[in-house]
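A.B. asks: Sequence and predicted structure below; questions after.
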Amino acid sequence: MLHSFLLKDCKFVSNLKGMKRTIIKIDENKCTGCGLCVSGCHEGALQLIDGKAVMISELYCDGLGACIGECPENAITLEEREAEAYSETETMKRLVLKGENVIVAHLQHLLDCKQKELFDEGICFLQENKIPVPAIFAKAQTPPTAPVHSGCPGSRAMSFDKVSSNTVQEQESELRQWPVQLHLLSPQAPYLQGADLLIAADCTAFSVGNFHSKFLKGKRLAIACPKLDQGREIYIEKIRSMIDDSHINSITVMIMEVPCCGGLLHIVKTAVESASRKVPVKLIVVGLEGNVLKEEWI
């Protein structure tokens, strides 16, 4: 029985006043009501109402963007605006009523996003209200203290400790054309005729050490950022034209593991579906430390 939701000893007091922070924005014109974002939001900030995804309260949106990767229509983006501060306490009040599995999913989500203070606040809430802490977290150590980040996982500050090799090996560039930014590329450029095209998220080349020798060699390159670039429809039309007019042979989409990066894959899929020719598409997903997490034809 939940006799009290007041935190007595914890010093986590949520600011419920308006503040400028990162929060999701839903484009109702693009939303098809598939509900994938609702299931992807552990905090329960989203519901389907009249066939559209709706944020029921800013208090429950942590701004971490897990729902973005679930949306197949690119209808969800992150924006910085005046909004009520996210409240872990208010969120936990609702989640505990849904059972242990929901609590576990939510707390694991906070750990995955390195939200140590919010995780500790959630655990403290359970303890103060005499609710059993799930066994998976009972003896778990929380992540090392780090600056709290309330925005997209892709912009979270992180550092990787790696041992540098003393051997200096100069690698030859495999770039065989210019320009490379998708906005600047002409879809009818001669070098695209019958080419294998690599469409890479901006960050991939800086994350993967052997980007040129393993992934770019033998291909033409287009780079883009689905989060920061403007003109999604322009990108779709350019890629469609490359398929139909330049008769490109294949497309490899290379993205980072962060949720917002999945938008580049949606752009390519939409372009392929609108083209009269069919070309094979390979997906490569890169981890934040440069390791390849997935490589498959889709």
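C.D. replies: Sure thing, it's come through. Residues are numbered from 1 along each chain as shown.
A.B. asks: other SSEs contacting whatever helix or strand L48 lives in?
C.D. replies: L48 is located in strand 46-49, with elements delineated by DSSP states H and E. Strand 46-49 makes packing contacts with helix 36-40, strand 52-55 when contacts are defined by 3 or more CB pairs under 8 Å, 6 or more residues apart in numbering; DSSP states H and E. Every C-beta, even on glycine, is put in place using the N, C-alpha and C of the backbone.
A.B. asks: in its sheet, what does it sit against?
C.D. replies: strand 52-55 (antiparallel) (DSSP bridges).
A.B. asks: picking up where we left off before, looking at the helices and strands packed on strand 46-49, spot the one closest to Q171.
C.D. replies: Using CB to CB as the measure, helix 36-40 is the one of the helices and strands packed on strand 46-49 that comes nearest Q171, at 38.9 Å.
A.B. asks: All the strands of the protein, in order from the start?
C.D. replies: Read by DSSP state E, the chain holds these strands, from start to end of the chain: 18-26, 46-49, 52-55, 76-84, 196-201, 220-224, 250-256, 281-286, 292-297.
A.B. asks: and the fourth one, which residues are buried?
C.D. replies: What it means is strand 76-84. The neighbour-count criterion (16 or more other CB atoms under 10 Å) identifies I76, T77, L78, A83, E84 as the buried residues of strand 76-84.
A.B. asks: Then the fifth one?
C.D. replies: For strand 196-201, the buried set under the neighbour-count rule, 16+ other CB under 10 Å, comprises L197, L198, I199, A200, A201.
A.B. asks: Which of those residues sits closest to S276?
C.D. replies: Relative to S276, the closest of the buried residues of strand 196-201 is L197; by CB to CB it sits at 17.1 Å.
A.B. asks: Can you tell me how far the closest one is from M92?
C.D. replies: Shown here: L197 relative to M92, a distance of 47 Å by CB to CB, to the nearest Å.
A.B. asks: do M55 as well
C.D. replies: For M55, the distance to M92 (CB to CB) stands at 18 Å.
A.B. asks: same check, this time on S57
C.D. replies: Between S57 and M92 the computed distance is 14 Å (CB to CB).
A.B. asks: and if you look at K214?
C.D. replies: For K214, the distance to M92 under the criterion CB to CB works out to 45 Å.
A.B. asks: These two: which is more packed in?
C.D. replies: Between K214 and M92, counted using other CB atoms under 10 Å, the more crowded position is M92 (25 against 12).
A.B. asks: Report the contact partners of the more buried one.
C.D. replies: For M92, the residues meeting the contact criterion (CB atoms under 8 Å, 6 or more residues apart in numbering) are I103, H106, E121, G122, F125, L126.
A.B. asks: Would you quantify the distance from it to D112?
C.D. replies: Distance, M92 to D112, using CB to CB: 17 Å.
A.B. asks: Which stretch among the strands of the chain approaches D62 most closely?
C.D. replies: Once CB to CB is applied to those, the stretch that comes out nearest is strand 18-26, at 8.9 Å.
A.B. asks: what packs against that closest one?
C.D. replies: strand 52-55, strand 76-84.
A.B. asks: would CSV of the ones you listed with distance to L221 be doable?
C.D. replies: Written out in CSV, the entries for those read as follows (distance: least, CB to CB, whole Å):
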stretch, distance to L221
strand 52-55, 35
strand 76-84, 26
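A.B. asks: closest to W297 out of these?
C.D. replies: The closest of these to W297 is strand 76-84. By CB to CB, the value is 26.8 Å.
A.B. asks: what lines up beside that closest one in the sheet?
C.D. replies: For strand 76-84, sheet partners with direction are given as strand 18-26 (antiparallel), following DSSP bridges.
A.B. asks: what separates the partner strand from the chain centre, distance-wise?
C.D. replies: Strand 18-26 has its average C-alpha position 16 Å from the chain's average C-alpha position, going by CA atoms, centre = their mean, to the nearest Å.
A.B. asks: Enumerate residues external to it that contact any of its residues.
C.D. replies: Strand 18-26 is contacted by residues 45, 52-55, 58, 61, 63, 65, 67-68, 75-86, 150-152 when judged by CB under 8 Å, 6+ apart.
A.B. asks: No further queries at this time; thank you.
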